[in-house]
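**Q** Model the structure of this input:
(one chain, ligands or ions: 2)
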Amino acid sequence: MAKQKIAVVGAGLIGLSTAVYISESISKCSVTVISDKFTPNTTSDVAAGMLIPHTYQGIPIHQQKQWFRETFDYLFEINNSSEASDAGINLVSGWQIFKTIPDEVLPFWSDVVLGFRSMTEEELKKFPQHRFGQAFTTLKCDCPSYLLWLEKRLKENGCQVYARRIEDLWELHSKYDIVVNCSGIGSRELMGDLEIHPVRGQVLKVDAPWVNHFIRDGDGLTYIYPGIHNVTLGGTRQKDNWSLSPDPRSSKDIFDRCCALEPSLQRAQDVKVRVGLRPSRLAVRLQKEILVHDGKKLPVVHNYGHGSGGFSVHRGTAKEAARLVGECIAALEGSSLKAKL
Ligand SMILES: Cc1cc2nc3c(=O)[nH]c(=O)nc-3n(C[C@H](O)[C@H](O)[C@H](O)COP(=O)(O)OP(=O)(O)OC[C@H]3O[C@@H](n4cnc5c(N)ncnc54)[C@H](O)[C@@H]3O)c2cc1C
Ligand SMILES: O=C([O-])CC(=O)C(=O)O
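**A** Ligands and ions are numbered 1, 2, ... in the order given. Model prediction:
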């Protein structure tokens, strides 16, 4: 039977990781990635890349935990291989601190990260404004390195990559059998999906190589994340704000909040400001849809809307998208067999 031609729209973290998963798990297909932007110009490049899940209100917790575990295990294996530095993956230990005791003292992901425990009184003395804290070790991606590494994997697997903006998924009907939509915030326009909205995030990437322990305020607004090449200082969460221009007042505010937690950051050098729009939705949209025009059909698998947590769950959602693509292939093969009989 001829190979099914799959087009993946989007070359951020979700498009690249989904294309890699499909090309490695489904032999009877060819994979092409089509996108208007590539690394270093995607939202995924701006992210801190920490594996600390955000909760999607519209998805059962056991499902989110499974996606996180699959992602953590995958990156942990890379971290323990000769690929670690190329892929930009490192293990990082640190503290999540709270001004008031959180509802979830033991979050659902506590037994996936390593060494999760409550902070000691002694550790908490470093943060006089905070009353409670969690200590653990997790993984962090240097996002541009990881995206380049995924692109390299794709090319090694024989996939094609094209730069092009798609106005309507139906444009792909004449050349491809199945489309996988990983267009992130672009799905608002491409699919007319008004459930997805931007949550603007501004961060600073600074040079401060002596900082090697992460600190995250549990309110999710202030964080210090050391990575392989720089330290990410965050952040902002501005719902429905589409501006990609850096805001100098926010930069000062982020810097001051981070210095309040880690005063040595006053000596940080080479401060770069980055802005990204989190593709936020109550639930990641991971489902099949059949587009129909003039009696012709185009199966589509959607995988978008990862909001603040794409890095934490991307491998798990890529696996689920690949399973849905497998179902589409089985249906296409079933119908072409029927047509021959
Ligand atoms: C400041 C900030 C910090 C973050 N920190 C973390 C973190 O520490 N941990 C974590 O887990 N997550 C984090 N995130 C969230 C994470 O960045 C996102 O969940 C993830 O990057 C989403 O990936 P994506 O591939 O869906 O989107 P994108 O990276 O935006 O990729 C979408 C792709 O689709 C393409 N596209 C869109 N429309 C079209 C079209 N019509 N035609 C062709 N191509 C199209 C775009 O060009 C792009 O290539 C953070 C986000 C921000 C903004
Ligand atoms: O919340 C965090 O720790 C980092 C993150 O995912 C974001 O800013 O979206």
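
**Q** how about the nearest residue to residue 69, chain neighbours excluded?
**A** Computed as Cβ to Cβ, 6 or more residues apart in numbering, the closest residue to residue 69 that is not its neighbour in sequence is residue 112, at 5.0 Å. No exception for glycine: its C-beta is placed from N, CA and C like everyone else's.

**Q** ignore the last one, residue 13
**A** Computed as Cβ to Cβ, 6+ apart, the closest residue to residue 13 that is not its neighbour in sequence is residue 44, at 3.9 Å.

**Q** State the number of residues packed around the residue nearest to residue 69.
**A** By other Cβ atoms under 10 Å, 22 other residues sit near residue 112.

**Q** cool, the one 10 residues further on as well?
**A** When counting by other Cβ under 10 Å, one arrives at 7 neighbours for residue 122.

**Q** Assign it to helix, strand or coil.
**A** Of the three states, residue 122 takes helix under DSSP: H, G, I helix; E, B strand; the rest coil.

**Q** Can you tell me how far the residue of the stretch 201-341 of the chain found nearest ligand 2 is from residue 326?
**A** For the stretch 201-341 of the chain, the nearest residue to ligand 2 under the criterion Cβ to the nearest ligand atom is residue 308, separated by 3.3 Å. Residue 308 sits 29 Å away from residue 326 when distances are taken as Cβ to Cβ, to the nearest Å.

**Q** Look at the two and report which has more neighbours.
**A** Here residue 308 and residue 326 are set side by side on neighbour count (other Cβ under 10 Å), and the busier one is residue 308, at 21 against 16.

**Q** got a list of what residue 318 touches?
**A** When the contact criterion is Cβ atoms under 8 Å, 6 or more residues apart in numbering, the partners of residue 318 are 14, 17-18, 20-22, 303.

**Q** can you do 7 Å?
**A** With contacts defined as Cβ atoms under 7 Å, 6 or more residues apart in numbering, the neighbours of residue 318 are 17-18, 21.

**Q** Neighbour count, pLDDT and distance to ligand 2 added to those residues, as CSV?
**A** Output for these, formatted as CSV (neighbours: other Cβ atoms under 10 Å; pLDDT from 0 to 100; distance: Cβ to the nearest ligand atom, whole Å):
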residue, neighbour count, pLDDT, distance to ligand 2
17, 30, 98, 16
18, 30, 98, 20
21, 23, 98, 22
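
**Q** Those residues in strands, which ones?
**A** Among those, no residue falls in strands (DSSP state E).

**Q** need the contact list for the residue lying closest to residue 146 once chain neighbours are set aside.
**A** Spatial nearest neighbour of residue 146, excluding adjacent residues (Cβ to Cβ, 6+ apart): residue 88 at 4.8 Å. Each residue near residue 88 by Cβ under 7 Å, 6+ apart is listed here: 141-142, 145-146, 149, 228.

**Q** what's the answer for residue 37, then?
**A** Under the contact definition (Cβ under 7 Å, 6+ apart), the residues listed for residue 37 are residue 11.

**Q** What strand or helix carries residue 187?
**A** Assigned by DSSP states H and E, residue 187 falls within helix 187-190.

**Q** I meant residue 325, not that one.
**A** Remark: residue 325 resides in helix 310-340, with elements defined by DSSP H and E.

**Q** Just the pLDDT at the residue nearest to residue 13, thanks.
**A** The model reports residue 44 with a pLDDT of 98.

**Q** neighbouring contacts of the host helix or strand of it?
**A** Take DSSP H and E as the rule and residue 44 turns out to sit in helix 43-46. Taking contacts as Cβ under 7 Å, 6+ apart, the residues outside helix 43-46 that touch it are 12-13, 39, 143-144, 147, 184-185, 201, 203, 274-277, 279, 310.

**Q** Any residues of the chain in contact with ligand 1? List them.
**A** 9-15, 35-37, 42-44, 46-50, 165-166, 182-186, 190, 201, 203, 235, 276, 278-279, 304, 306-312 (Cβ under 6 Å from any ligand atom).

**Q** List only those of these flagged as buried.
**A** Of all these considered here, the ones buried according to neighbour count by 16 or more other Cβ atoms under 10 Å are 9-15, 35, 37, 42-44, 46-50, 166, 182-186, 190, 201, 203, 235, 276, 278-279, 304, 306-312.

**Q** Helices along the stretch 1-150 of the chain, start to end?
**A** Under the criterion DSSP state H, counting those that start in this stretch, helices of the stretch 1-150 of the chain are mapped to 13-25, 43-46, 61-79, 84-87, 121-124, 143-156.

**Q** Any residues of the stretch 1-150 of the chain in contact with ligand 2? List them.
**A** Taking Cβ under 6 Å from any ligand atom as the contact definition, the stretch 1-150 of the chain meets ligand 2 at 48, 50, 52.

**Q** Now these in JSON lines, please, with extra columns for pLDDT.
**A** Shown next, in JSON lines, are these (pLDDT from 0 to 100):
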{"residue": "48", "pLDDT": "97"}
{"residue": "50", "pLDDT": "98"}
{"residue": "52", "pLDDT": "98"}
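
**Q** Residue 15 touches residue 8, doesn't it?
**A** Yes: Residue 15 sits in contact with residue 8 when judged by Cβ atoms under 7 Å, with a separation of 5.2 Å.
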